[in-house]
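*Asks:* only geometry, no sequence info:
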Ligand SMILES: [Zn+2]
């Protein structure tokens, strides 16, 4: 009996064992295939990401985009700070005094070899222009007053008044004021001079100022103001763009008007570097505020370098 049983048991064992072995092999193959498949798929991903980091724009662009978005979200909190950053006017190469104002007047060109003459800017825009002449009295306190009130001016300097200390006016140019041409000798008989002599007075000062201050003047003011066709031609031949005179003065602590009794939009105001500079500046500022005008550099308004 046991032998029969034994033999039947051993018979079934011989059948089951191979089946189990086959089953185990199949399982093993399945596991192997799964691990190989998963490692190869992982393997193709892993090397592809460094390779694709440069070229692949599809999926790696996700983290890239996240990076840039975090990069752009960080600066916005810092962008309010650059707001006071000065804006350079591409036409003049300077930070201008216009504060976004768009001038409604364009400087006329040189015609027939002669510069135009300005005594006032024909505009209704609420602007006024301050010009300060000669340069005889040189005081840091006068520059400080202008700075204190945020006023920039065009300085018509004559060589005879500044030759003893031309470097002094570099303080003005450093502060944003511009230096223009008022001849070499400030000869009040300038109109009697011939073309060659006028040209020598104007070109000489233009060369001097360019060498001293690094900018060639663009405007000319004759000594005392009067000019002729000869003057307009000589100024043009020295590379200047306009003769600038005035219809209003700040003088002896008050205002002198050639027209009317108040400052008008577009007025060009004449002042001097004189002992009474503070009183003249006060008179100018009182008139300017009463008229509601903004002090702007003439060079900025006319978009000249
Ligand atoms: Zn003068």
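*Replies:* Sure, I can see it. From a predicted model like this one, the values you see are computed outputs, not experimental measurements.

*Asks:* So in this protein, where's the weakest helix or strand by average pLDDT?
*Replies:* helix 61-78 (a mean of 44; mean pLDDT, DSSP states H and E).

*Asks:* Name all residues that make contact with the nearest residue to residue 165 once chain neighbours are set aside.
*Replies:* Excluding the flanking residues, the one nearest residue 165 by C-beta to C-beta, 6 or more residues apart in numbering is residue 138, at 6.1 Å. Heads up, the C-betas are built off the backbone N, CA and C, glycines and all. Taking C-beta atoms under 8 Å, 6 or more residues apart in numbering, we find residue 138 in contact with 162, 165, 168-169, 273.

*Asks:* again, 7 Å this time
*Replies:* Contacts for residue 138 (C-beta atoms under 7 Å, 6 or more residues apart in numbering) come out as 165, 168, 273.

*Asks:* Check what pLDDT it gets.
*Replies:* Each residue has a pLDDT score; the one for residue 138 is 98.

*Asks:* Flag every residue of the protein that's near the ion.
*Replies:* Applying C-beta under 5 Å from the ion, we find that the chain lies next to the ion at 133-134.

*Asks:* Can you give me the domain boundaries for the chain?
*Replies:* 2-78, 92-301 (automatic domain parsing).

*Asks:* Pick the most buried one from these.
*Replies:* domain 92-301 (a mean of 18; mean count of other C-beta atoms under 10 Å).

*Asks:* Span of it from start to end?
*Replies:* Using C-alpha to C-alpha, to the nearest Å, one end of domain 92-301 lies 10 Å from the other.

*Asks:* which is the next helix or strand following the helix or strand hosting residue 211?
*Replies:* Using DSSP states H and E, residue 211 sits within helix 195-213. The C-terminal neighbour of helix 195-213 among helices and strands, as given by DSSP H and E, is strand 219-220.

*Asks:* Read off the pLDDT value for residue 90.
*Replies:* The predicted local confidence for residue 90 is 89.

*Asks:* Quick check on it: phi, psi?
*Replies:* For residue 90, the backbone dihedrals (degrees, to the nearest 10) come out as phi -60, psi -20.

*Asks:* any idea how far the ion is from it?
*Replies:* Distance of residue 90 to the ion, computed by C-beta to the ion, to the nearest Å: 33 Å.

*Asks:* next one: residue 115
*Replies:* Distance, residue 115 to the ion, by C-beta to the ion: 18 Å.

*Asks:* Helices of the stretch 51-200 of the chain, start to end?
*Replies:* With DSSP state H, counting those that start in this stretch, the ranges of helices along the stretch 51-200 of the chain come out as 61-78, 140-148, 159-162, 170-174, 195-213.

*Asks:* er, the stretch 201-305 of the chain I mean
*Replies:* Here the stretch 201-305 of the chain has its helices, by DSSP H, counting those that start in this stretch, at 229-237, 277-290, 298-301.

*Asks:* Distance to residue 192 for these - can I get that in TSV?
*Replies:* Conversion of these to TSV gives the following (distance: least, C-beta to C-beta, whole Å):
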stretch	distance to residue 192
helix 229-237	10
helix 277-290	30
helix 298-301	28
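
*Asks:* can I get the ones you listed in CSV with mean pLDDT?
*Replies:* Putting those into CSV (pLDDT from 0 to 100) gives the following:
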stretch, mean pLDDT
helix 229-237, 98
helix 277-290, 98
helix 298-301, 98
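
*Asks:* show me the contacts for residue 127.
*Replies:* Contacts of residue 127 by C-beta under 7 Å, 6+ apart are 265-266, 293-294, 296, 301.
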